[in-house]
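**Q** Quick one, fold the following:
(one chain, ligands or ions: 1)
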Amino acid sequence: MGRTMTVQGGRSLYGTVEVPAAKNSVLPLLAASLLCGGPVRLEQVPRLSDVEDCLGILRAVGCGAAWEGEDVVVGGPPSCCRMPLAETARMRASVLFAAPLLARLGRVETALPGGCRIGARPVDWHLAALEQMGAQITQAGDRLVLTAPWGLRGTEICLPGPSVGATETVLLAGCTARGETILHGAAREPEICDLAQFLNRCGGKVQGAGTDEIHIQGVGALHGATYRPMPDRICASTLACAVAAARGWITIAGCSPSLYGPVLDVLEQAGCTVSRTAGSATVGRMGSLQGAGRLVTGGYPALATDAAPLVAAALLFGEGTTVLEDRVFEARFGCAEGFAAMGAQVKVEGRTLRIRGGRPLRGAAVTACDLRGGAALVVAALGAQGKTRIAGCEYIARGYASLGEMLTGLGARIE
Ligand code: UD1
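**A** Down below sits the predicted model:
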C-alpha cells in the first residue's frame, strides 16, 4: 500500500527546526562500518527507509546492526558475501557495500542497484575503478559477482566525471588496499569529506577529500569508532524552500548555511530575507517573490541537483520566469506534472524546467514519483490554497524521517 499525505495549504510557518543527520552521509558510513574490526556507533541517525534497507544489507551479510535509541550500532565482521536482492535493488546506495565486502571477504555477489527514477544511473565508474584495483567482475543480466582473492591494490584512478558514489567507492576500496590509491577527478561534496573524516577516525589515511584529488594510503585494518554524521543540507534546503512557498519566518538550526549557500542565495534574490550564523539560517518571506531567471545545478559547491525540484517548488510562487537546468540527471523534474495539476505554468524540455510563476496554486490530487520531487510537491502544497493529497509518499520516507512532523511543528497542517 502506498503512503499518502494531505497538506492544507495557505498557513505560514514560524519557529525553529533542527536539521537531522544527512541520509547521503549515513548511507556511506554504514557501508564503511563493514571495514571496521570493532563496533561502530553512528549517533542520532534518522529512521529513513533507506537506512533500514542498509541495516537489512548489513544483517544479511552477517553483521550485527541495531538501533540503540537514536543511534545505530554496527558490529562484527561480515561473514557472507551475498547481498540481499530486495534491499540492493531498491536503493542505489547499495552499490557502496560492494567495495568493503570485497575488501573484507575477497568476493561479493550483488545486483545492479535501483533507486529513484530521475534518469539513467549506471554504476560503470564504480566497477571500472574496482577493476583497476584488481577486482574481477562477471555480470549476468543484472547480477554481478566481484572477486579479489588476493585483495585490492592501490593504483592511480581517473574518474570520467565527478560522481559522488564512485568517489566513495574508491575511498572505501582504497582504505585497506595494498599501497596508495590516488584518485583524480573526485567529487567534492561535503558528504565525501564526512566519510573521509570517519575513515580517518577509524585509523584510515585519507587526504584531500573535498578537492578533486584524493590520496588514500592503504592500512592493514580499521578499528571501530563513535561518530556523529553531518547534518542534511538537502533537508535544510527543503525547509528553506518550504517557508519561501508558505510565507512566514523560520530558523533552520544545526546546519551551517554554507552547506546550502546556493539555495539560500536564490531564495534571497527572489525576495526572501535570509540571515546566517555559523550554525543556522533564518529565512523569512513576508511579501511577494520574484522569478530567479536562469539557474543551473552542478557538483558541489554549485546548486545541488537534489535541491533543484525544491527550489522550483518555491519559485512557482515567484512572479516572472525561472528556467532551471539540471546538469547532473536527465529526468529530475518528474514533479512538474504535480505542479501543473496544482495550476502552475510549467514545462519540461529535456533537462530543463521552465516556470512562469506567480499564479495562485490550488490544492489537487498529485503523486510523488521520486524522493526530492515528492518533497517538492509538499513544498508547493504548503503555498497552495486548499487541500493537496500526495500519493506515493513512500518515496519521501526514503530521505525524510519526519517531514510532516517537522512542518507541523512550524504550524503547517499536514496529515
Ligand atoms: C549521490 C546522492 C544523490 C545525488 C547525487 C548527485 C547518495 C546516496 N546519493 O548519488 O542524492 O543526487 O549524488 O549529487 O549520496 N554516473 C555514471 N556512472 C557511474 C556513476 C555515476 O555515469 O558509475 C553519472 C550519473 O549517471 C550521474 C552523475 O554521474 O549523471 C552523478 O551521479 P553520482 O554523483 O554518482 O550520484 P550518486 O552517487 O548515485
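
**Q** use CA for all of it now, contacts and neighbours both
**A** Will do.

**Q** So in the protein, which strand runs the longest?
**A** Using DSSP state E to define each element, the chain has its longest strand at strand 318-325.

**Q** List the buried residues of it.
**A** Residues 318-325 are the ones in strand 318-325 that count as buried (16 or more other Cα atoms under 10 Å).

**Q** average pLDDT for that strand?
**A** What strand 318-325 shows for mean pLDDT is 97.

**Q** can you check stretch 140-153 too?
**A** On average, stretch 140-153 scores 92.

**Q** number of nearby residues for the residue lying closest to residue 159 once chain neighbours are set aside?
**A** Nearest non-adjacent residue to residue 159, counting by Cα to Cα, 6 or more residues apart in numbering: residue 185, 5.2 Å away. Residue 185 is flanked by 17 other residues according to other Cα atoms under 10 Å.

**Q** Surely residue 185 and residue 162 touch.
**A** Yes. Residue 185 lies in contact with residue 162 (Cα atoms under 8 Å); the separation is 5.8 Å.

**Q** So which elements touch the least confident helix or strand in the chain by mean pLDDT?
**A** The weakest-scoring helix or strand in the chain, judged by mean pLDDT, DSSP states H and E, is helix 85-90 (a mean of 90). Helices and strands touching helix 85-90, by 3 or more Cα pairs under 8 Å, 6 or more residues apart in numbering; DSSP states H and E, are helix 49-60, strand 107-111.

**Q** Report whether stretch 205-219 contacts the ligand.
**A** No. Using Cα under 6 Å from any ligand atom, stretch 205-219 stays clear of the ligand, coming no nearer than 13.2 Å.

**Q** hang on, the earlier thing: and the angle for the helix or strand just after the least confident helix or strand of the chain with strand 107-111?
**A** Toward the C-terminus, helix 85-90 is succeeded by helix 98-105 as the next helix or strand (DSSP states H and E). Put simply, helix 98-105 runs at 150 degrees to strand 107-111, going by axes from the mean of the first three to the mean of the last three Cα atoms, to 10 degrees.

**Q** Helix 98-105 and the ligand in contact?
**A** No. Judged by Cα under 6 Å from any ligand atom, helix 98-105 and the ligand are separated, with a smallest distance of 13.0 Å.

**Q** ok, and the closest non-adjacent residue to the residue in the chain sticking out farthest from the centre?
**A** Farthest-out residue of the chain from its mean C-alpha position, per Cα atoms, centre = their mean: residue 150, at 33.6 Å. Spatial nearest neighbour of residue 150, excluding adjacent residues (Cα to Cα, 6+ apart): residue 106 at 7.2 Å.

**Q** re earlier: which one, of the helices and strands packed on helix 85-90, ends up nearest to the ligand?
**A** helix 49-60 (9.1 Å; Cα to the nearest ligand atom).

**Q** who touches the closest one?
**A** 23, 26-27, 30-31, 34, 64-66, 78, 80, 82-84, 87-88, 91, 94, 397-399 (Cα atoms under 8 Å, 6 or more residues apart in numbering).

**Q** Stretch 152-167 now?
**A** Residues outside stretch 152-167 that contact it (Cα under 8 Å, 6+ apart): 93, 96, 103, 123, 125-126, 129, 132-135, 173-174, 176-189, 192, 217-218, 299.

**Q** let's see it at 7 Å
**A** Outside stretch 152-167, the residues within contact range by Cα atoms under 7 Å, 6 or more residues apart in numbering are 103, 125-126, 129, 133-135, 174, 177-187, 189.

**Q** Check stretch 181-188 too.
**A** Stretch 181-188 is contacted by residues 154-159, 161-164, 167, 174, 209-217, 300 when judged by Cα under 7 Å, 6+ apart.
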